[in-house]
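Q: Compute the structure for the input listed below.
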Amino acid sequence: MLRLLKRPNFARYWVSASSALLGSNVSGFVLPTIAVAQLNATAAQLAIIATVQALAFPLLGMFAATAVERRDKHSIIVVTDIVRALAMGLLAGLFLMHRLSVNAIILVSAVVAFVSVFRDVCTQSLLPSLLRGANISKGNAALEVSNTAALSAGPALGGILTSTVGAPIALVVDSLAYLAAATAVSGVKVTPRDSAAIRRSFWNDLREGLAWVFKAPKLARIAGCTATINFAAAASQTVSLIFFYRVLHVSPLVLGLLLATSNAGIIGAWLAPQLEKRLGLISALGIAVGLWTIGRFLLPLAAVLPFPLMVAGLSSLIANLAAPLYNVTQSSYRQRATPLPLQARMHATMRTLNSSTIPIGAAFGGILATAFGVTITLTICALITAGSYIWLAVPNRERLAERTRAAA
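A: Prediction:
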């Protein structure tokens, strides 16, 4: 992975993605914290914030993918990062003027989520044009290491800044991270746009992207598994801050440090290519799902077991080991299996299917927590995560054909 950073194009791409991930994780921690700790947001209001963020990809993903193939991808990334930087700056200004409200957070979260769709599609589809073959897995692993670092540094930085100099400064730091991402990616040299793609029918291109995913059995199964995991994750994340702040009585500073010190994502990113090579795609994904399930079951147990912070930290450690293991494995397979002209549409189709369950899961988490409490909600989320393995266990058409030939 380190050798890849000697390539100027990939290095700029990686720095941009890393800065953007840091910004997203700072805001992902600070905004709900402000809503809960300072604006007294309810579980239902947190569910609305999560839902409007989650609706962006299902509503816009496929159209964004088909559109970006007609534009310079790195230019789109620059624009989206600038918009996100301005959005965070706006919230910081409203906070300083004592005009910030939960409704303002909801509105800005929606804007950031919708422009982030374009960035996400461009980022994923740009990687295979910068790297080839086995280097795609290494590139994804490098990005997952950055994601892991951001998952640790974002909450820690957000918690420290919120507890010391205040939430507005945390939002300003978030804004600067997005500006740094825009600056880095602006230096990436890309091949000229495909003029033939611009002349093709928009709707034919959109249908072609959908058809590619659904005719590939493994892609469809991965999409179903990921959609189920995302449903449980959205429900869990909607109420997890309430669980930490109101059930475990943890401060923002302690929570940020807890999440930072319990992140084993670098190990998961390193293991992913090894496990896929030795055990195969489905087995590697199954191991990740099993780890995820264990981690999710541990979190609600922190409410009843001794040393709750240690139990919660172990839950986070296991879940953060599973996430990069799953993400690197399935992302690398998707990129290797898909022709370059279809990368953006394939990624958008997969993300649209994967994320379509997130707004439903967020709403489900808010409703369930209101009716039964956050501890029961987190337990049910763990059960749903375990159920996602069914998608991987169902034999695909290729395996059924092999069994039929063997029986004959």
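Q: following the helix or strand harbouring residue 159, which helix or strand shows up next?
A: Using DSSP states H and E, residue 159 falls within helix 135-164. Using DSSP H and E, the helix or strand that directly follows helix 135-164 along the chain is helix 167-185.
Q: which residues sit against that next one?
A: Under the criterion C-beta atoms under 8 Å, 6 or more residues apart in numbering, residues 12-13, 15-20, 22-23, 26-27, 30, 33-34, 38, 74, 77-78, 81-82, 84-86, 88-89, 91-92, 95-96, 157-158, 161-162 lie in contact with helix 167-185. Heads up, the C-betas are built off the backbone N, CA and C, glycines and all.
Q: okay, now residue 378: neighbour count?
A: As a burial measure, residue 378 scores 28 neighbours (other C-beta atoms under 10 Å).
Q: swap in residue 92?
A: Neighbours around residue 92, by other C-beta under 10 Å: 21.
Q: got the phi/psi numbers for the closest residue to residue 333 other than its chain neighbours?
A: Distance criterion C-beta to C-beta, 6 or more residues apart in numbering; nearest residue to residue 333, sequence neighbours excluded, is residue 281 at 5.6 Å. Main-chain torsions, residue 281, degrees, to the nearest 10: phi -60, psi -50.
Q: so residue 281 makes contact with residue 331?
A: No - between residue 281 and residue 331 there is no contact under C-beta atoms under 8 Å: 11.6 Å.
Q: and the contacts of helix 167-185, which are buried?
A: Among the contacts of helix 167-185, those classed as buried by neighbour count (16 or more other C-beta atoms under 10 Å) are 12-13, 15-20, 22-23, 26-27, 30, 33-34, 74, 77-78, 81-82, 84-85, 88-89, 91-92, 95, 157-158, 161-162.
Q: Which one of residue 281 and residue 331 is surrounded by more residues?
A: For the pair residue 281 and residue 331, the greater number of neighbours falls to residue 331 (23 against 18), based on other C-beta under 10 Å.
Q: Which stretches in the stretch 151-300 of the chain count as strands?
A: Taking DSSP state E, counting those that start in this stretch as the criterion, the stretch 151-300 of the chain carries no strands.
Q: what about the helices in it?
A: Assignment of helices within the stretch 151-300 of the chain using DSSP state H, counting those that start in this stretch yields the ranges 167-185, 195-199, 202-214, 217-242, 252-261, 265-279, 281-301.
Q: Mind telling me which of those the model trusts least?
A: Note on the helices of the stretch 151-300 of the chain: helix 195-199 shows the lowest mean pLDDT, a mean of 48.
Q: what angle do the helix holding residue 159 and helix 265-279 make?
A: Here the directions of helix 135-164 and helix 265-279 differ by 160 degrees (axes from the mean of the first three to the mean of the last three C-alpha atoms, to 10 degrees).
Q: Show me what helix 135-164 is packed against.
A: Packed against helix 135-164 by the contact rule (3 or more C-beta pairs under 8 Å, 6 or more residues apart in numbering; DSSP states H and E) you find helix 8-33, helix 102-130, helix 167-185, helix 252-261, helix 265-279, helix 308-337.
Q: Show me what the helix or strand following the longest one is in contact with.
A: As assigned by DSSP H and E, the chain's next helix or strand after helix 308-337 is helix 343-355. The contact list for helix 343-355, computed with C-beta under 8 Å, 6+ apart, reads 54, 57-58, 61-62, 64-66, 68-69, 73, 120-122, 124-125, 128-129, 205-206, 208-210, 212-213, 219, 222-224, 226-227, 230, 334-335, 338.
Q: repeat for stretch 103-117
A: Residues contacting stretch 103-117 (C-beta under 8 Å, 6+ apart): 24, 27, 31, 34-35, 39, 45, 48-49, 52-57, 60-61, 64, 79-80, 83-84, 87-88, 90-91, 94.
Q: list the buried ones in it?
A: Buried residues in stretch 103-117, counted by 16+ other C-beta under 10 Å: 105, 106, 108, 109, 110, 111, 112, 113, 114, 115, 116, 117.
Q: okay, those in CSV with distance to residue 135 and pLDDT next?
A: Rendered in CSV, the data for the buried residues of stretch 103-117 read as follows (distance: C-beta to C-beta, whole Å; pLDDT from 0 to 100):
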residue, distance to residue 135, pLDDT
105, 40, 88
106, 41, 88
108, 37, 89
109, 35, 88
110, 36, 89
111, 35, 90
112, 31, 90
113, 31, 88
114, 32, 88
115, 29, 89
116, 26, 88
117, 27, 85
